[in-house]
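Chemist: 3D model of this:
(2 chains)
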Amino acid sequence: MEPSLKTFTIPDELCRRAGIAATWLPINELGVFAYQHVKAHSPDQPSAYGPADASVFKVRQQVILFEPILRKLVNEANGTFLSVQELMSTNSPEFKTELLKLSRQYRSIIRACLENLQDEVMRERGERKEELQNYITIFYSVECVWHLCEILFVDNIPGNVVLPHLLEWVRFHFPKYERKAAKLLAGDLVGLESQPDYWETVIGLLMQGRIEVVRALLRLHSAADSKPFKLVDQTLKAMPIYSIYSGISATEFNLKWKHWLVDTQSKIDAKLFISERHLHLMMRLSVGEETAWNEVQNHCEAWYELLAAWLFYTEPTIKSFELGQYARRCISRMGIALHMRHLDQVLLAAMESDIIQVIKEIQHMSENGWFASHLTDLLYHSGRLDFLDTSEADDLVASRLRECFLLDYGTLLMGHNSLWQVGLSYLDHCPTDGINTIELLITRLPLGSEARAQKIIREAQKRDLPHIVQSICKILGMNSLKRGRIGNALTWALKSRDSGFASVLADKFLREYSTNGKLQCTDLLDNLGSSMLVSDRLVFLGKYFELHKVYQGKNYKEAANLIVSLLASKLTPKYFWSTLLSDALPLLECNELVMSSNDTFTLLHCLEEKCNLPEIQDKIELIRLAAARNLARALTHEAQLN
Amino acid sequence: MTQNVHGTFISEKTNKIRWRPDPFGYSNSFITGSWDNDQNNIKLWNFEENEDDPDIYPFVIKNYPFEGDVTEAKFANPDYFVASSSLGSLYCLKVSSEITGETIITEERSWNKLHRSKNGDASSCTSFGMYESDIVTVGEDGNINLLTAQRKDIVRTIDEADSCSLNCVIFLKFNEILTGNLRGQMKIWDLRSNENKPTTTFMLSGDQIAATSLTFHPTQRHMIVAGDEEGSLTVWDLRQNIFPVNLLSAHSDSVSEIHFHPDHPDQLFSCSSSGELWHWITNRSGTLLNIENVETNPWFSTDSIKNKFEVFMLMPKLHKPINSLDLNRNRVLCSCDNEAIYLINNVNVYN
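Modeler: Next up is the predicted model:
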């Protein structure tokens, strides 16, 4: 594959003059801006480009899957994809049949999408119509290739006789003869052959193997009672058609069929049909006469249409691995080997069972990897890629190949505002790099409202990424802090058990209190419960709030106990000593004795330890005095008790 | 008639889905409110039931572009509904028909940036409750706003009512509301009181688990059920005390919405971020005439609660969160983050 380059021009004068640089924006966008490289030894002088209006250009790849009409396909296929993964994880012995069902489900999703597109095309006009038609072409090819791959690689056809399925496939993609037949049969039945496309339809149907319909149409010919017609009818009726359900083996069938060939050939040689030109041609076709096929091959729109028809009359029991050579023969026969369309090449590769070539080719279908990732995944699970692991030539490994597509596709979806959840479910099924990719991408998702952030957090939790949860919670906490919602910030810190962040916030509460004497968010502090244990500072804050509550409830004894335990706890921040010691004052001076001698000693001990702190210098005398008085009271009281 | 599920992919994630009430019969119309889209929308849908074709194909009658995510939507009556946005605004919208027969949605009244943070950032209006024409809204900014649909001005604001983001609110009485916050703190507010303080505060559980949805029993309004982010349902009887009567671990992920069936109060529906949609039927094993049994509400019975309910999954577990559900007679609507909406017909509500 030769490298393909595309050039985009940034329409900006400054960029043109200065040159550009670019940086990735999360995840699918590139930010392009004017840039002048400055090195250490660049001369220090005013920029030649300033002053100028600088702009940043966001460049992004157009992703057709993000079109609303195609998002249905993305989402619906995601459901099927997850069903495939679920199926494979259950180790069901029936998985082959189930996979086939799911493959059909994928195709029905594509068809539903095509139907939607077709409806939409009717309504639109102009450029948009063209665009939609483009999509139709893309997804039509996707369906076509998928269908063939399903027949050749996913379906488990008994005896490997693929022809009936191939005919079905061709009928589905070239339905015009069947439609015409239906129209002919629904219209005026008298003198049907006078319709201009009567014979074309009959021969077309013959080539698609619709013998019953051909006979029905022939019977409606006004000369149906003539001898050649009757003979043709009999011959076609007698033609053996291979079916796995017919109960005869392929060899037996071949015998019968050869017999029929000889019989029919003798009829042709006896010139029994020569009076009717078309019938003669039909009979010659049915025995595979080269000259006859040369006559009709130009009516075929595609080589594979001819291939199926030709095989039906020459090699009805062909095995799938023989298809390739016949396909090539067909192509050279039609003389199109030099101008094969992309679709033709993919189909040829499929018929040659060259799965790797198919996968290579379908990456160029420009539907942003939807097809390649889903089909590769399906082929991988049906065991069709296993040969990669055993062949030594390449360093290509089946599971890595699959993963590589899923990674690309998942990453692409992660870049969409709404489809990120879908993207995650693809990355989940990448065993090697999936989780690392998720780790990188999930933190780049814009958080938006808390509801959205909660959803992102839960996705991270499900994947057991505590550090991601913590960093998202921290962002939410910082945002709350910026909005002046310190309580909410603390809640986020607690939710992620982020002890560092919780300590910082608890500090903010305490500092705020020590400067203006107001405790914020009392409703929250009142209910901290066991969650306060994440951080010592928070424990201190919680206990200190409790002290306030108890004190306001005039329960001084309890308050004294609390303050002593706070003093002794060694949790007190340095800047808070002054506040805490001052809080002890009223308790020391309380009418009723609430601090025992031991309590007072604890307090004095702390006081002596901290007497160097500058902010308590003016209080130290006062506290000492109060402590001494309380100690006197307490000692007397305790002495009495003893 | 058997129960069947009709799914429709609609190319946007829906946060709220609500039946448009039809006072005379089965409703065939509903609204969806999207989220997380580049351009969010409120869409009015219609569908026709056809006896020949069992499939149902809802189609959009009217698309109303909406700024921000739709965080909540509720119909006041068949013609008016209220919707709140993640940008903190509240809109009262009217559905009406033009003379030409076209259906239109018009803005009847709006409260722009009703909730906002002090630094000017947008703050989501997370939920609102309605009692006749009274509306109470709560938001991430922790404020509670009391409005009335008839007037543009705000009747009352409780500033900084909560130091955490408020997640949900319901009216308990005309003058009483219950709010739930990010930490699972539940507060009852008396709207007549002048103080900006709740009358009662209690916790959903001890573990800082956020309340995500609230509802009350249709006939016994003192009975409250709250769903939380871990997927449990908690039941209170507010007549008695503030301790939960029952705690049911239900879903495996956050409960998105819970609804009692308005006409069949013995039945509850819940949906969850785990992709589950459940139908709870209380088990009436005893006969109705058994006098002892008549008084007990199974949601309140503490002993062997397991036998009192039967839980049905209304559809196979989806792979993405189910955000919203709504009931109309025996039909359930729900919306999921896989950009699809589901209509479930013939739900067995009549037993």
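Chemist: ok, residue 131 - contacts?
Modeler: In the absence of a named chain, chain A is used. Residues near residue A:131 by CB atoms under 8 Å, 6 or more residues apart in numbering or on different chains: none. For glycine as for every other residue, the C-beta is placed from the backbone atoms N, C-alpha and C.
Chemist: The intended chain is chain B.
Modeler: Counting by CB under 8 Å, 6+ apart, the residues that residue B:131 touches are B:171, B:174.
Chemist: what is it paired to in the beta sheet?
Modeler: residue B:134 (DSSP bridges).
Chemist: Could you report the separation of residue A:326 from chain B?
Modeler: For residue A:326, the distance to chain B equals 41 Å [CB to the nearest CB, to the nearest Å].
Chemist: isn't residue A:398 right up against residue A:391?
Modeler: No. Using CB atoms under 8 Å as the test, residue A:398 is too far from residue A:391 to be in contact (10.3 Å).
Chemist: For these two, indicate the residue with more neighbours.
Modeler: residue A:398 (18 against 9; other CB atoms under 10 Å in any protein chain shown).
Chemist: Find the nearest non-adjacent residue to that one, please.
Modeler: In this structure, residue A:398 finds its nearest non-sequential neighbour in residue A:385, 3.7 Å apart by CB to CB, 6 or more residues apart in numbering or on different chains.
Chemist: where does the stretch 451-600 of chain A have low pLDDT?
Modeler: For the stretch 451-600 of chain A, not a single residue meets the criterion pLDDT under 70.
Chemist: for chain B, what are the nearby residues on it?
Modeler: In this structure, the stretch 451-600 of chain A approaches chain B at residues A:451-452, A:454-455, A:458, A:479, A:482-488, A:491, A:494-495, A:520-521, A:523-524, A:526-527, A:529-531, judged by CB under 8 Å from any CB of the partner chain.
Chemist: Now, of these, which are buried?
Modeler: A:451-452, A:454-455, A:458, A:479, A:483, A:485-488, A:491, A:494-495, A:520-521, A:523-524, A:527, A:531 (16 or more other CB atoms under 10 Å in any protein chain shown).
Chemist: For chain B, what's its nearest residue on the stretch 451-600 of chain A.
Modeler: residue A:487 (2.6 Å; CB to the nearest CB).
Chemist: what's the nearest residue to that residue if we skip its chain neighbours?
Modeler: residue B:163 (2.6 Å).
Chemist: residues contacting that neighbour?
Modeler: Per CB under 8 Å, 6+ apart, neighbours of residue B:163: A:485-488, A:520-521, A:523-524, B:142.
Chemist: how about a cut-off of 7 Å?
Modeler: A:487-488, A:521, A:523-524, B:142 (CB atoms under 7 Å, 6 or more residues apart in numbering or on different chains).
Chemist: Same list (the residues you listed) but as TSV, adding secondary structure.
Modeler: What follows is the contacts of residue B:163, written out as TSV (DSSP: H, G, I helix; E, B strand; the rest coil):
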residue	secondary structure
A:487	helix
A:488	helix
A:521	coil
A:523	helix
A:524	helix
B:142	coil
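Chemist: which ones among the residues of the stretch 451-600 of chain A next to chain B are found in helices?
Modeler: A:451-452, A:454-455, A:458, A:479, A:482, A:486-488, A:491, A:494-495, A:523-524 (DSSP state H).
Chemist: Count the neighbours of residue 130 for me.
Modeler: Let's take chain A. Counted by other CB under 10 Å, the residues lying close to residue A:130 total 11.
Chemist: wrong one, chain B
Modeler: Applying other CB under 10 Å, I find that residue B:130 has 17 neighbouring residues.
Chemist: Can you tell me the closest non-neighbouring residue to it?
Modeler: Closest to residue B:130 by CB to CB, 6+ apart is residue B:74, at 5.7 Å.
Chemist: Surely that neighbour is in a helix?
Modeler: No. According to three-state DSSP, residue B:74 belongs to no helix; its state is strand.
Chemist: For it, list each beta-bridge partner.
Modeler: Using DSSP bridges, the bridge partners assigned to residue B:74 are residue B:82.
Chemist: what about it, how many residues close to it?
Modeler: Residue B:74: 17 neighbours (other CB under 10 Å).
Chemist: So which residues make contact with the strand or helix carrying residue A:409?
Modeler: Using DSSP states H and E, residue A:409 sits in helix A:398-414. Applying CB under 7 Å, 6+ apart, the contact partners of helix A:398-414 are A:27-28, A:63, A:368-370, A:372-373, A:376-377, A:380, A:385-386, A:388-389, A:419-420, A:422-423, A:426-427, A:429-433, A:437, A:441.
Chemist: mind listing what's buried in that helix?
Modeler: Those would be A:398, A:401-414, for helix A:398-414 by 16+ other CB under 10 Å.
Chemist: ok, back up a step: now the contacts of residue B:163 in a markdown table, with distance to residue A:553?
Modeler: Compiled in a markdown table, the contacts of residue B:163 are given as follows (distance: CB to CB, whole Å):
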| residue | distance to residue A:553 |
| --- | --- |
| A:487 | 23 |
| A:488 | 28 |
| A:521 | 19 |
| A:523 | 17 |
| A:524 | 19 |
| B:142 | 26 |
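Chemist: Can you verify my assumption that residue A:538 contacts residue A:504?
Modeler: No. Contact between residue A:538 and residue A:504 fails when scored by CB atoms under 7 Å: they sit 10.1 Å apart.
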